[in-house]
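*Asks:* Give the three-dimensional model of this entry:
(2 chains)
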Amino acid sequence: MDPSEVEFLAEKELVKIIPNFSLDKIYLIGGDLGPFNPGLPVDVPVWLALNLKQRQKCRIVPPEWMDVEKLEEIRELERKEDTFTPVPSPYYMELTKLLLNHASDNIPKADEIRTLVKDIWDTRIAKLRLSADSFISQQEAHAKLDNLTLMEINTTRSFLLDTLNCMYKLRSNLQPGSSGGKAQDHQ
Amino acid sequence: MPGERKPMRYGHSEGHTDVCFDDAGKYIVTCGSDGDVRIWESLDDDDPKSINVGEKVYSLALKNGKLVTAASNNTVQIHTFPEGDPDGILTRFTTNATHITYNRSGSRVAAGSSDFMVKVVEMYDSSQQKTLRGHTAPILSVTFDPKDEFLASASCDGSVAVWKIEEQTQVTSWPLLQKSNDVINAKSLCRLAWQPKAAKLLAIPVETTVQLYQRDSWAQVGTLSDDLGTQAINVVAWSPCGKFLAAGSIGGLLTVWDVESKLCVERQTHEKGYTVCGLAWHPLGGQIAYTDTEGCLGVLDGLSSSSSSSSTTASSTTTKVSLWSYMEASPSHPNGLDKFVDDDDSAIVPPAAAAAPLWPVYDGPMPTPPQKAFQPGSTPAHLMHRFMMWNSVGIVRGYNDDQDNAIDVEFHDTAVHHAMHLTNSLGHTVADLSQEAVLLACPGTDELASKLQCLHFSSWDTNKEWMVDLPKGEDVQALCLGQGWAAAATSALILRLFSIGGVQRELFSLPGPVVCIAGHGEQLLVVYHRGTGFDGEQALGVQLLQFGQKRRQVIHGEPLPLSRKSHLSWLGFTAEGTPCFIDSEGVVRLLNRSLGNMWTPVCNTRDNCKGKSDHYWMVGVHENPQQLRCIPCKGSRYPPTLPRPAVAVLPFKLPLCQTTTEKGQMEEQYWRSVLLHNHYGFLSSSGYEIDEEGQSQAQKEQQELLMKMFALSCKLEREFRSVELAELMTQNVVTLAIRYASRSRRMALAQRLSDLALEKANQLQGEEPQEEEEEEPLQYTRRNTGSHRQAQEEVVDEEQGQEEHMDEGDVAESKRQGKSRESLSHLLKEGRVNPFKVSSGLGRSGSAGGQNRVTNVLDSMMLSSKKPTALLSSSGSTGKLNKTPFLKPLAPRPKTKTQSTLLHMNTPKAANKKAVEEPAVCRLKQTEAPPPASPAENVENKKHKSGFQLWLEDNRRIILADNPDLEETDVIKEAIGRFRTLSADDRLTWTERAKGQSGDVADMKKRKRGEEENRGDKNGQSEADETRQSEADETSAKKKKPFDTSAKLSAFAFNKN
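*Replies:* Got it, this is the predicted structure:
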């Protein structure tokens, strides 16, 4: 999957906006939205929120977790634990990117949040690499990773699968040969 | 009884502080190292008045409305009190003064300074000074002899000296203290205190004890000490009666001694153990205010007599014996306040002092300081960044900091107007905002009069602004905007009305100082002080005025019912125009117009708060949908401007009993629904457009709830209660209830209900003619009355006889429509057109008002626009059309032009009228016609006719021919009688016929309708007819859906058997 596709999926997430126009309920295939009352918060999907924001029709209320203190806590926890900790939203990376790119004026301390989320992301990706490395080096048949988000799986999927394929090929070529090759492989 | 130590609060920034009371004891006045003097009305005063007197304030003294402060600029300044205006400089030193004090009468001030000098200055003439030289280090403190002869001073050189003021000579000196080089380094502040009144003793804090020196002999006569006092005493203060002495120490220990017995009667420790550096007795005794070096202010309250009497055995008995009639008049001293004041006699008081005039102490309820005028939806004016107004239209923010003095106006709906930024050069403090204008006002100053400024942005000419100067000395205190008018209440107790374009209109006097005013549409709500409240209560009065066509006063200054010991915190109207207010306890009250304009509590916002100090700050109330829009404020009453607070929505909840039970819940729902839909009646009666659909929805909801409650009480075998509930129901629902009762084999109940139904029918019948009389003048053309009309009505009634009650409104509407059209277009009058058949289908399309169906083309256009549009693009326009009242400018619609207003007004009455014929038919249906298989089906087949009705249709003419002067109900009665006389077989055939017919009823209708249309207007626009009909059918099919719930309910009733 393409990162843009994952992002597309993330746009289905609901976010609170404060519209500055009034509109009755709108009926869409995905569900009813609204009614929109100026000044009154309402939940809409991210795609609509961003669209309205670009047209200066609303202010976006950042999700609760998009807060410096909370993210700092998450970051510390993520750094402390060896395993993956639960993330505030299954689309935290995508949402951060989307909202900060389009509505940074509605989000207090946008720069700090950007850095924090990037920190969390980096920590998690590093963990993912480490676990992939140990997975391969220990020649495990399967591994279980909790609390991974779609985006994170996606970043590693293509590379990991290709690598595994490649290694499989190499190994199967080695098979007819002596056990020495295998011994080498084990190291 | 030990004194009550109230929790301390921050008053100043860290550093040295001082405290005193004003002469009356009404205010606590503090000063601190932040250079401010603060005037507190009480310890709970969240908004003390601040006077900046310098960079740092070392000491202060207050008497006769003159506040004297020692500031860091080496001067001793005078300010007026409580205004805080600078009133000159009393004296100067070469370095800062450390302590200042008044003499007893307030005619002189003594000041000690770090430049080793003590000055005594006359208040009336600051050039008359006496300088006392002799100390060899900075002065720590000074105190006057109450008899004005001597002055005592303590200095860092370790000595305490007594001076003869007139001669400027030292009388005596004691080396009591530890030496230091500056006040900051001194171990103790050593605040001296001379016993008031008797002037016999001088108290000097020395280390952990207080030494008492006798006047004239200057010999030490006693030492007061406390075993617990381990740290040096900083300050001492005598009680106003001179019998008790309070001391505050470095470690935060507060001790009160009975001086005569030298016993400690009160001991309190500072909650954090900070050094007490300021101490003052309340002028009436009973209370001690103290401050610490961390800038906190505390109060020790309720210092009682019992504690003293328990410790001072001998003297208190003498006191009791020798005390005067006053004591006997009030034998119990609940708070002991008077004890400190009146106990002038005792061993240490000379007999002369006993004759001193008594202080008559008032013991009853204390008056509450009246609440200040405020603008609902604003945060306090002293904040640098504040909301000047937050309402349903937008937000007005005021900034008043170093760089900027500005006002920002922002609209929730940018379609109203773009945001505005104004420089606030006039210093506006109050604001209001409406869809039409922004209204601002500033208080007057010495040079400039109070001004009212209006930014009329919706004006169509180029002048978008006007300004009005108020007469000199008159300040705007509250203002509001209505539709097309503005109002301002002033300090001269005048309420001035202006048109929105700036024309001065009516003005009238207010019965009391205004608290706040609010406007909506053509209503003005004024709350003012009716009088003085006592014991924390406010005495507020309220007036509700209505302008426009019907100018009248709706509420004539009745008391505003606030919660106990609370004040008003928000006042306004719901979006639908019902007056509403909130008090500081968070209780929301709504005007109940149906109950003689009483106020009904509808919600307590504090119930929704998590923390004790959390509050909700109201920004708007909506009745439909039921919403309280407010901003949650964590730990405060007001929201900050940044970060921008988010609005939360709270539900209404009437404080009914036992809302945890099913019964309570339903009762709450029912009464809430009734209360919150009162506005329909008001709106329609004052000529506004109303949401017809919402109204019928609400009625349906109420009837459903009643039916549920009915079923519940039936289940609980509460038949009497069931009948009570049935009394609240409408006619049709009663018939449903009858059916339910008879199905569940409660024949007695059913019997009572049918009696009730009959009674209701008669009642309505009785009312009907009257009502019609009343309606007459409202209509622009008189209906022609007579048999023609009657005949028409008969047809209608017959047709609709079996319809569910939900349709009542619509049916009635269509009936009205028919009638008014009848008078409007004479075209249709001839040829016996029955317009009702068409409209019965159409009326149910639920379209709100404005169905002026003179031509069919118009009609079909109307309908297509009413279709629920799902598309984003088109719903934009519909959204504007039938929006929630949030946006909708509630324009009164001219009655003469539109039919809709007319129709709506008549609707409920008409509905009732229709119901008259209902019971007869229904009851008959029960007995004669085979009951429908299920009520659900009954609902679906409501177009079907019973056998009786078919028969009636055929035989009506015969009956009428026989008895031409019969009323409609009589006709039916007669018909019932005749139908009964028919043989069973005959009846069966009629019923069979009815059943057979029911299948293609729709088709028949269509045909009939088409024919009529063609006959009626000879234009032959059959196409338009077709479309309209199909649409009508569609919509009617849709409209049936909402019946499901009630249908289910009654289905449940029937399935039980």
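
*Asks:* Just to be sure, B:Trp671 is in a strand?
*Replies:* No. Per DSSP: H, G, I helix; E, B strand; the rest coil, B:Trp671 lies outside any strand segment and is helix.

*Asks:* Now the phi/psi pair for the nearest residue to it once chain neighbours are set aside, please.
*Replies:* Using Cβ to Cβ, 6 or more residues apart in numbering or on different chains and skipping residues adjacent in sequence, the residue nearest B:Trp671 is B:Leu654, 5.8 Å away. C-beta here means a position set from N, CA and C on the backbone, and glycine is covered the same way. With angles defined as degrees, to the nearest 10, B:Leu654 sits at phi -70, psi 140.

*Asks:* just checking, B:Leu654 touches B:Leu590?
*Replies:* No. At 9.7 Å, B:Leu654 and B:Leu590 do not qualify as touching, with contact defined as Cβ atoms under 8 Å.

*Asks:* These two - which one has more neighbours?
*Replies:* B:Leu590 (24 against 18; other Cβ atoms under 10 Å in any protein chain shown).

*Asks:* doesn't that one fall inside a helix?
*Replies:* No. The assignment for B:Leu590, made by three-state DSSP, is strand rather than a helix.

*Asks:* ok, now how distant is it from chain A?
*Replies:* Separation of B:Leu590 from chain A (Cβ to the nearest Cβ, to the nearest Å): 20 Å.

*Asks:* if we can go back for a sec, list the residues that contact both of B:Leu654 and B:Leu590?
*Replies:* B:Thr600, B:Val602, B:Leu675 (Cβ atoms under 8 Å, 6 or more residues apart in numbering or on different chains).

*Asks:* buried ones in stretch A:145-163?
*Replies:* Within stretch A:145-163, the residues that count as buried by 16 or more other Cβ atoms under 10 Å in any protein chain shown are A:Leu148, A:Thr149, A:Leu150, A:Met151, A:Glu152, A:Thr155, A:Thr156, A:Leu160.

*Asks:* Over to stretch B:78-85?
*Replies:* Those would be B:Ile78, B:His79, B:Phe81, B:Pro82, B:Gly84, for stretch B:78-85 by 16+ other Cβ under 10 Å.

*Asks:* who are the neighbours in contact with the last one?
*Replies:* Residues in contact with B:Gly84 (Cβ under 8 Å, 6+ apart) are B:Val37, B:Ile39, B:Lys49, B:Ile51, B:Leu67.

*Asks:* Tell me how far B:Leu510 lies from A:Pro88.
*Replies:* 55 Å (Cβ to Cβ, to the nearest Å).

*Asks:* ok, now B:Arg589?
*Replies:* For B:Arg589 relative to A:Pro88 (Cβ to Cβ), the value is 41 Å.

*Asks:* Quick check: what element follows the helix ranked longest in chain A along the chain?
*Replies:* Criterion DSSP state H: the longest helix present in chain A is helix A:110-137. Later in the chain than helix A:110-137, the nearest helix or strand by DSSP states H and E is helix A:150-174.

*Asks:* taking the mean pLDDT, what do you get for that following helix?
*Replies:* For helix A:150-174, mean pLDDT is 89.

*Asks:* ok, and what's touching that helix?
*Replies:* A:1, A:3, A:6, A:9-10, A:90-91, A:93-94, A:124-125, A:128-129, A:132, A:136, A:181-182, A:185.

*Asks:* Would you list the buried entries among the residues you listed?
*Replies:* For the contacts of helix A:150-174, buried by 16+ other Cβ under 10 Å: A:Val6, A:Ala10, A:Pro90, A:Tyr91, A:Met93, A:Glu94, A:Arg124, A:Leu128, A:Ala132.

*Asks:* quick one: terminal-to-terminal distance for stretch B:551-565?
*Replies:* 35 Å (Cα to Cα, to the nearest Å).

*Asks:* Could you list the buried residues of it?
*Replies:* Those would be B:Val554, B:Ile555, B:Gly557, B:Leu560, B:Leu562, B:Ser563, for stretch B:551-565 by 16+ other Cβ under 10 Å.

*Asks:* low-scoring stretches of chain A, by residue?
*Replies:* Where chain A drops to pLDDT under 70, the residues are A:175-187.

*Asks:* Can you check which strand is longest in it?
*Replies:* Looking across chain A with DSSP state E, the single longest strand is strand A:14-19.

*Asks:* In CSV, list the C-alpha atoms belonging to that strand.
*Replies:* The C-alpha coordinates for strand A:14-19 follow below in CSV (Å, rounded to 0.1, in the frame of the first residue of the first chain):
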residue,chain,number,x,y,z
LEU,A,14,-13.6,12.1,12.9
VAL,A,15,-12.4,15.4,14.1
LYS,A,16,-14.1,18.3,15.8
ILE,A,17,-14.6,21.6,14.0
ILE,A,18,-16.2,24.8,14.9
PRO,A,19,-17.9,26.0,11.7
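
*Asks:* which secondary structure elements does that strand contact?
*Replies:* Using 3 or more Cβ pairs under 8 Å, 6 or more residues apart in numbering or on different chains; DSSP states H and E as the contact criterion, the elements in contact with strand A:14-19 are strand A:42-45, helix A:46-54, strand A:58-61.

*Asks:* which one of those lies closest to chain B?
*Replies:* Ranking the helices and strands packed on strand A:14-19 by proximity to chain B (Cβ to the nearest Cβ) places strand A:58-61 first, at 5.9 Å.

*Asks:* The closest one close to chain B?
*Replies:* Yes. Contact of strand A:58-61 with chain B (Cβ under 8 Å from any Cβ of the partner chain) involves A:Arg59, A:Val61.

*Asks:* Tell me the helices and strands packed up against that strand.
*Replies:* Strand A:58-61 packs on strand A:14-19, helix A:46-54, helix A:92-103, going by 3+ Cβ pairs under 8 Å, 6+ apart.

*Asks:* how far is that strand from where the chain is centred?
*Replies:* 22 Å (Cα atoms, centre = their mean, to the nearest Å).

*Asks:* Which strands border that strand, and is each parallel or antiparallel?
*Replies:* Strand A:58-61 has its sheet partners listed here by DSSP bridges as strand A:14-19 (antiparallel).

*Asks:* Burial check on B:Gln665, number of neighbours?
*Replies:* Neighbour number of B:Gln665 under other Cβ under 10 Å is 14.

*Asks:* Without its sequence neighbours, what residue ends up closest to it?
*Replies:* B:Thr659 (5.7 Å).

*Asks:* Likewise for B:Leu510?
*Replies:* B:Leu510's closest residue in space is B:Leu493 (Cβ to Cβ, 6+ apart), at 4.7 Å.

*Asks:* Now do the one you found, the pLDDT please.
*Replies:* At B:Leu493, pLDDT is 93.
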